[in-house]
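**Q** What follows is a predicted protein model with its sequence.
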Amino acid sequence: QVQLVESGGGLVQAGGSLRLSCAASGRTFSMGWFRQAPGKEREIVAVISWSGNTYHSDSAKGRFTISRDNAKNTVSLQMNSLKPEDTAVYYCAASTGAGYLTAVRSADEYDYWGQGTQVTVSS
């Protein structure tokens, strides 16, 4: 069993920045961030393999950066130039079975999820 503890959400004005962090209680391979806004389906934001290969969604590209520290079993998401449409609950996800070289993009392949952290961007 791996537990994921997220931190860093909050309220920010449009154009501002937030940094999300997620600490895993055990070793993981692919890790990432997904989000779900009210009335919408969960969507991928960014994921990173154990070896450091990343994928950022089109909406995140150029504004968000995912990174990880394998020694500390943590993954972070630096979010800059935030927009009101980024408002959502952000979930940390981790896979213990896939994603050593290539970051896993499918949410179905992640077997552990955090409790979620609210990010609200005001206009």
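**A** Perfect, thanks for sending it.

**Q** the strands in this structure, which residues?
**A** Taking DSSP state E as the criterion, the chain carries its strands at 4-7, 10-13, 18-24, 31-36, 43-48, 54-56, 64-69, 74-79, 88-94, 112-113, 117-122.

**Q** Redo those strands as TSV? Include mean pLDDT, distance to L101 and mean neighbour count.
**A** For every residue, glycine as well, the C-beta is placed using N, CA and C. TSV is the format used below for these (pLDDT from 0 to 100; distance: least, CB to CB, whole Å; neighbours: other CB atoms under 10 Å):
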stretch	mean pLDDT	distance to L101	mean neighbour count
strand 4-7	96	22	18
strand 10-13	98	34	13
strand 18-24	98	19	20
strand 31-36	98	14	24
strand 43-48	98	11	23
strand 54-56	98	12	18
strand 64-69	98	14	18
strand 74-79	98	16	22
strand 88-94	98	16	23
strand 112-113	98	20	16
strand 117-122	98	28	17
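
**Q** quick one, which of these is nearest to S106?
**A** strand 43-48 (8.4 Å; CB to CB).

**Q** re earlier: next, format the strands of the chain as CSV and append distance to Y100.
**A** Below are the strands of the chain laid out as CSV (distance: least, CB to CB, whole Å):
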stretch, distance to Y100
strand 4-7, 19
strand 10-13, 33
strand 18-24, 15
strand 31-36, 12
strand 43-48, 12
strand 54-56, 14
strand 64-69, 13
strand 74-79, 15
strand 88-94, 13
strand 112-113, 16
strand 117-122, 27
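
**Q** From Q1, how far off is L101?
**A** Computed as CB to CB, to the nearest Å, the L101 to Q1 distance reads 25 Å.

**Q** swap in D108?
**A** From D108 over to Q1 (counting by CB to CB), the distance is 19 Å.

**Q** Would you point out which residue is most central in this structure?
**A** W33 (1.9 Å; CA atoms, centre = their mean).
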